[in-house]
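>>> when you get a sec, could you give me coordinates for this:
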Amino acid sequence: MSDTTATGAPSVHRQRGEAGLFRTPFIRRYVLIGLQIAIVVALLAYWEIGAQTGHISRFLFSSPSQIWAVLVQRAQSGELLIDIGTTAQETLIGFLVGAIGGSILGLLLWYSKFISDLAAPFIAAIGSIPVLAIAPITIIWFGTEMLSKVMIVAFSCVVVSLTSSYRGALRTDEDLINLMRSFNASRSAIFTKLVVPSAMTWVVSGLKLNVGFALVGAIVAEYISSEAGVGHMILLGSSNFGMNIVLAGVALVMVMMLIFNALINLLERFILSWERN
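Below you'll find the model as predicted:
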C-alpha cells in the first residue's frame, strides 16, 4: 500500500516517522504498555541500586525495597486495607455528589440564560477558593467523621463539572434545536433527546478532570482531621520523618489514581458507544 494520500501528500505515519509496525492500533497499544513498564522498572532499579550503594540517601529518598516492606507490613496488620478503603470511599462518594451533581446542575442551566448569567460570577468566586482554605471550615461545620471528607471532595469537583457540562450544553447544534422546535417538540424533549446526548462528551471530560481533584480533596481532608486513610498514613510518616511511609502513601495515591482513571475510561467508552447506537 502506498504511503501517500490521494493528493500525493505523505501519510500521517510517514510524517511522524513511525515504523509500519506501529500502524496497527493493537500492536501499538501493547508496545506502548511494554515501554511504559520498562521505564518504570528501569527507574525503580536505578533508585534501588543507588540507595544500596549510597549514591542516593535512604533518609531523604528511602528505597523501593523499604517502601515495599512498609506496604507488606501494613497489609499484614490490616492497616493498609483500612487506609485504602477509607480514602476510596471518601473519594467515590464525594465524586458522585460533586462531579455528577455538578454535571446535572450545569446541564440544567441550559434552560435559562438569565439564571446562568446571574450565577456566573458566584460560580467563578466559588471556584477560586482553594480546597486547603475550605477544609478546616468544613471540618467545623460537619464534624470529623466521613461526612466532612465527602463534602470537601464534592467541593473539589463541583465547579469543574458544572462549567464543563454547561459549555457542552451550549454547544448543541442550533439547527437541530430549531428543527425539533419546528416539529413542536417541548423544551423538555429538546433537553433530554438532544442537549443531554450532545453534551455527553463534555460531561465525561469534566469527570476525567475531576478524578484527580476528588482524590486530592480526600487526601487534604485526611490531613486536616482523620483516624485512617492514605492521607493519614502520609501525615503520620511525615511527622516522624519516615520517608518510606510517606512514599508508600504516595505510591498508593498514584495506583488509586490509575484505577479511577481506568474506570472513567470505561465509562467514556460506554457513553461513546451508546451515542453511536
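
>>> where does this protein dip in pLDDT?
1-23, 274-277 (pLDDT under 70).

>>> show me where it has its helices.
In the chain, the segments counted as helices under DSSP state H are 12-16, 25-53, 58-61, 64-77, 79-95, 101-108, 113-127, 131-142, 146-170, 174-182, 187-190, 196-224, 230-239, 243-276.

>>> what's the most buried one of those helices?
helix 146-170 (a mean of 24; mean count of other CB atoms under 10 Å). Yep, even glycine has a C-beta here, placed from its N, CA and C like the rest.

>>> that one to helix 230-239, inter-axis angle?
Relative orientation of helix 146-170 versus helix 230-239 (axes from the mean of the first three to the mean of the last three CA atoms, to 10 degrees): 120 degrees.

>>> got the angle for helix 146-170 vs helix 101-108?
Taking the same axes, to 10 degrees, one finds helix 146-170 and helix 101-108 inclined to each other by 30 degrees.

>>> when you give positions from now on, start the count at 481
With the count now opening at 481, the last piece we talked about shows up as helix 626-650.

>>> for helix 626-650, packing partners?
Under the contact criterion of 3 or more CB pairs under 8 Å, 6 or more residues apart in numbering; DSSP states H and E, helix 626-650 touches helix 559-575, helix 581-588, helix 593-607, helix 611-622, helix 676-704.

>>> with only the CA atoms kept, save the second one in PDB.
This points to helix 581-588. Only the C-alpha atoms of helix 581-588 are listed here, as PDB (Å, rounded to 0.1, in the frame of the first residue of the first chain):
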ATOM      1  CA  GLY A 581     -24.300  16.600  40.800                       C
ATOM      2  CA  GLY A 582     -22.300  19.400  39.200                       C
ATOM      3  CA  SER A 583     -22.800  17.900  35.800                       C
ATOM      4  CA  ILE A 584     -26.600  17.800  36.300                       C
ATOM      5  CA  LEU A 585     -26.700  21.400  37.500                       C
ATOM      6  CA  GLY A 586     -24.600  22.500  34.600                       C
ATOM      7  CA  LEU A 587     -26.900  20.900  32.100                       C
ATOM      8  CA  LEU A 588     -29.900  22.300  33.800                       C
END
